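**Student:** pasting the structure only:
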């Protein structure tokens, strides 16, 4: 095993990172098999998913900021 953490600590870390049950089960299975490549691929895919979500939310914030800017500008 390439991680110096208990299974429970790894599972908690994955949960804290927003991984679903299916992802956690696959990760732990691959970890037991020593399939580091598959685990890294899994983590990378989840990271990309989180970044996509972040970018979507940032776009929403930008739209709101623009609306607030326009409203403030109109009230001057």
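**Tutor:** Done, it's in. Predicted model only: the values in this text are computed from it and were never measured.
**Student:** distance from stretch 58-65 to the middle of the chain?
**Tutor:** 20 Å (CA atoms, centre = their mean, to the nearest Å).
**Student:** quick one, longest helix in this structure?
**Tutor:** helix 36-74 (DSSP state H).
**Student:** dead centre of the chain: give me the residue that sits there.
**Tutor:** The centroid of the chain falls nearest to residue 50 when counting by CA atoms, centre = their mean (3.5 Å).
**Student:** where does that one land on pLDDT?
**Tutor:** Per-residue pLDDT puts residue 50 at 97.
**Student:** cool, and residue 1?
**Tutor:** At residue 1, pLDDT is 54.
**Student:** the closest residue to the residue nearest to the centre of the chain other than its chain neighbours in helix, strand or coil?
**Tutor:** In space, residue 50 comes closest to residue 18 once its chain neighbours are excluded; the distance is 6.5 Å by CB to CB, 6 or more residues apart in numbering. In this view, the C-beta of every residue, glycine as well, is placed from N, C-alpha and C. Assigned with DSSP: H, G, I helix; E, B strand; the rest coil, residue 18 falls in the coil class.
**Student:** what about this structure, any weak spots by pLDDT?
**Tutor:** 1-3 (pLDDT under 70).
**Student:** ok, back up a step: my guess is the residue nearest to the centre of the chain contacts residue 23. True?
**Tutor:** No - contact between residue 50 and residue 23 fails when scored by CB atoms under 8 Å: they sit 11.9 Å apart.
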